[in-house]
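# build me a model:
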Amino acid sequence: MKQFSRRSFLKTSASAAGAALLSASPFALNVIRAQGDYQGKFVIMSAGNAEQNAGLIEGIQTQFPGIEVEWRGLTSERYAELFTASEVAGDQIDIMDLNGQDLRRYAVGGRMKDLSSLSYLDRFRPVGLETYTVGGTLWALPNGGISGFPFFVNRKALDTIGFEGDPESYQDLLDIAPDLKAAGIAPFVHGGQNIYLWPIWQFWGYAQSSGNNAVEGTYSVLTGDTKFTDPEHLAGLEYLYRYAQDGMFIDSVNSMDTDAAQLAFTEGKGAFWYHHSSFVGTYRTGEYPNLDLSFIQPLRSVEDTSIMRQLPGGTGAAVGIYANIAPEREEIALAILDFMTSDEMTALRNESGADAVSTNVNVSPSEDPLALRYAEIGSPAQITYLDWYWPPEITRAFQEHQQAIVAGTETPDVAAQGIQDVLDELYADGYEFVS
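Next comes the predicted model:
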């Protein structure tokens with residue numbers, strides 16, 4: 001089963017396509033060969049795996065003869081843990097290819113180099129540069145697609161119960177849930193065992209309960225002006241609680257990993273799946289006879305219909321240079337960073353992931369119908385993942401308490417207090433939010 005949207009495409013075609021692009025592109029002819037005398041291993045610590053990035057790896061090694069890329073796929077879930085282990089062991093680290101969630105941790109922690117003075121920043125959409133600027137300094141470059149987490153829909157599941165159109169509110173879901181269950185279809189599947197994914201439920205929930213002021217409200221709570229126990233934040237947890245208490249999740253959701261959730265959804269055992277938009281690429285390269293894929297914005301859980309149904313997303317990977325890179329590899333790292341974020345390499349990533357919007361101004365995104373749908377209804381309603389602002393301790397607190405809410409061992413008010421307690425402890429230890 002294909003878990004990652006880019007995996008199959010890159011494995012079968014990106015290497016050849018990348019070679020063709022390199023041979024014909026102005027970048028390939030004009031890139032500064034700044035590697036000096038350095039030859040040998042070059043380490044990229046990435047949230048993605050090597051198979052996903054086969055075309056890029058081959059492109060780097062073709063463009064920079066004598067360089068051997070060691071691509072360490074740490075995954076988003078274990079990036080911090082495995083990166084720390086590498087640092088402690090004194091391993092070679094050159095480029096950091098991060099989930100944007102982790103950027104703030106490493107930027108304020110002195111682990112990344114300042115990229116503010118690079119000469120080619122006009123290649124990127126301003127929103128990406130703004131997102132990866134912390135404390136007035138640009139620490140990473142946006143790379144890939146501007147994408148996010150919609151509610152995926154299996155139209156065949158809805159057809160089974162004779163439901164036409166798209167549900168818009170939680171009440172709509174409540175109305176059709178009995179018919180879905182009677183047909184042996186869970187309303188929602190979710191990789192609940194992957195604790196990393198639970199905060200996405202808070203992102204869309206708080207976006208609605210805050211009156212579409214989720215980012216501003218997050219700044220407010222992190223600076224101590226408001227609290228996670230305030231009604232607007234608590235409401236986001238209460239929405240999740242309702243989904244769980246009303247039986248909207250597939251049985252044993254907290255024991256289901258991402259592969260299992262994808263399998264259940266593609267086999268028609270779930271009507272909805274809250275997952276990343278890159279699944280469109282997986283869908284296009286696979287065969288799923290029980291799945292007719294579409295997606296919607298998160299369902300409305302507030303009565304005020306003027307409030308947008310926003311979905312969380314990000315501005316591609318955050319790619320930067322390790323602050324303590326060995327001096328003899330700093331020049332080549334700058335050249336490789338330029339190459340990794342070039343229009344040519346970004347175009348490959350956008351096409352393979354069916355990205356609706358590219359991080360690069362001059363790169364045309366995918367023309368896939370679902371990518372175009374995301375550009376129409378997803379991107380205009382997208383907000384930045386809130387855990388890109390939270391300190392990692394708060395992210396962990398949400399993960400653990402949300403999983404407990406779904407398991408039925410905590411109520412939302414207890415969870416909110418637990419999360420606020422963690423923030424209060426951070427304040428006591430000298431934490432200060434840096435915008």
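# the closest residue to residue 389 other than its chain neighbours: neighbour count?
Distances taken as CB to CB, 6 or more residues apart in numbering put residue 218 closest to residue 389, at 5.1 Å, once the chain neighbours are dropped. The way it works is simple: take the backbone N, C-alpha and C, and place the C-beta from them, glycine included. By other CB atoms under 10 Å, 25 other residues sit near residue 218.
# name all residues that make contact with residue 218.
Residue 218 makes contacts with 206, 386, 389, 390, as judged by CB atoms under 8 Å, 6 or more residues apart in numbering.
# count of residues packed around residue 166?
By the measure other CB under 10 Å, the count of residues near residue 166 is 16.
# one step back: following the host helix or strand of the residue nearest to residue 389, which helix or strand comes up?
In this structure, residue 218 sits in helix 214-222 according to DSSP states H and E. Per DSSP H and E, the first helix or strand lying C-terminal to helix 214-222 is helix 231-245.
# per-domain residue ranges of this protein.
7-146+315-381, 151-312+383-428 (automatic domain parsing).
# let me have these in JSON lines, extended by distance to residue 435.
What follows is these, written out as JSON lines (distance: least, CB to CB, whole Å):
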{"stretch": "domain 7-146+315-381", "distance to residue 435": "7"}
{"stretch": "domain 151-312+383-428", "distance to residue 435": "6"}
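# where among those domains is average confidence lowest?
Of all these, domain 7-146+315-381 carries the lowest average pLDDT, namely a mean of 85.
# now the contacts of residue 218 as CSV including secondary structure, neighbour count and distance to residue 431?
CSV is the format used below for these (DSSP: H, G, I helix; E, B strand; the rest coil; neighbours: other CB atoms under 10 Å; distance: CB to CB, whole Å):
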residue, secondary structure, neighbour count, distance to residue 431
206, helix, 27, 21
386, helix, 26, 17
389, coil, 21, 13
390, coil, 24, 11
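# take the residues you listed and lay them out in JSON lines including distance to residue 126.
Formatted as JSON lines, those follow (distance: CB to CB, whole Å):
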{"residue": "206", "distance to residue 126": "25"}
{"residue": "386", "distance to residue 126": "21"}
{"residue": "389", "distance to residue 126": "19"}
{"residue": "390", "distance to residue 126": "24"}
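# which of those lies closest to residue 288?
Ranked by distance to residue 288 (CB to CB), the contacts of residue 218 are led by residue 386 at 31.6 Å.
# contacting residues around that closest one?
Applying CB under 8 Å, 6+ apart to residue 386 gives the contacts 199, 202, 203, 206, 214, 215, 218, 312.
# and those, which two are furthest apart?
Maximum distance among those (CB to CB): 14.5 Å, for 199 and 215.
# which stretches of the stretch 251-400 of the chain form helices?
Assigned by DSSP state H, counting those that start in this stretch, the stretch 251-400 of the chain shows helices spanning 258-266, 279-285, 330-340, 343-352, 369-373, 392-407.
# what does the shortest one contact?
Among residues not part of helix 369-373, those counted as contacts by CB under 8 Å, 6+ apart are 280, 283, 293, 294, 295, 354, 355, 356, 365.
# that one: which residues count as buried?
By 16 or more other CB atoms under 10 Å, the buried positions in helix 369-373 come out as 370, 371, 373.
# now do stretch 86-103
For stretch 86-103, by 16+ other CB under 10 Å, it's 92, 93, 94, 95, 96, 97, 98, 99, 100, 101, 102, 103.
# got TSV for the helices of the stretch 251-400 of the chain, with distance to residue 150 too?
Output for these, formatted as TSV (distance: least, CB to CB, whole Å):
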stretch	distance to residue 150
helix 258-266	13
helix 279-285	9
helix 330-340	27
helix 343-352	17
helix 369-373	9
helix 392-407	19
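# winner for burial among those helices?
Highest mean neighbour count among these (mean count of other CB atoms under 10 Å): helix 343-352, with a mean of 24.
# looking at residue 199 and residue 215, which one has more neighbours?
Between residue 199 and residue 215, residue 199 has the larger neighbour count (other CB under 10 Å), namely 22 against 16.
# for the closest residue to that one other than its chain neighbours, give me its contacts.
Leaving aside its sequence neighbours, residue 199 sits nearest to residue 398 (CB to CB, 6+ apart; 4.8 Å). Applying CB under 8 Å, 6+ apart, we find residue 398 in contact with 198, 199, 202, 387, 390, 419.
# the longest strand anywhere in the chain - contacts with which helices or strands?
Longest strand in the chain by number of residues, with DSSP state E as the criterion: strand 311-321. In terms of contacts (3 or more CB pairs under 8 Å, 6 or more residues apart in numbering; DSSP states H and E), strand 311-321 is packed against strand 95-98, helix 103-108, helix 126-131, strand 141-148, helix 199-209, helix 330-340, strand 382-384.
# identify the residues contacting the shortest one?
The reference is to strand 382-384. Here strand 382-384 has contacts from 131, 146, 148, 203, 207, 214-215, 310-315, using CB under 8 Å, 6+ apart.
# what of the first one?
Contacts to strand 95-98, defined as CB under 8 Å, 6+ apart, come from residues 42-48, 79, 83, 106, 111-112, 140, 143, 317-322, 333, 336-337, 340.
# ok, the closest residue to residue 404 other than its chain neighbours - contacts?
In space, residue 404 comes closest to residue 410 once its chain neighbours are excluded; the distance is 4.0 Å by CB to CB, 6+ apart. With contact taken as CB under 8 Å, 6+ apart, residue 410 is in contact with 401, 404, 418.
# and these as TSV, adding distance to residue 72?
What follows is those, written out as TSV (distance: CB to CB, whole Å):
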residue	distance to residue 72
401	31
404	33
418	34
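# picking that back up, separation between the residue nearest to residue 404 and residue 63?
Taking CB to CB, to the nearest Å as the measure, residue 410 falls 52 Å from residue 63.
# next one: residue 426
43 Å.
# looking at these two, which is more packed in?
Looking at residue 426 and residue 63 with other CB under 10 Å, you find the greater number of neighbours at residue 63, namely 20 against 16.
# number of nearby residues for residue 165?
Neighbour count for residue 165, taken as other CB under 10 Å: 7.
# let's verify it: helix, strand, or coil?
Under DSSP: H, G, I helix; E, B strand; the rest coil, residue 165 falls in the coil class.
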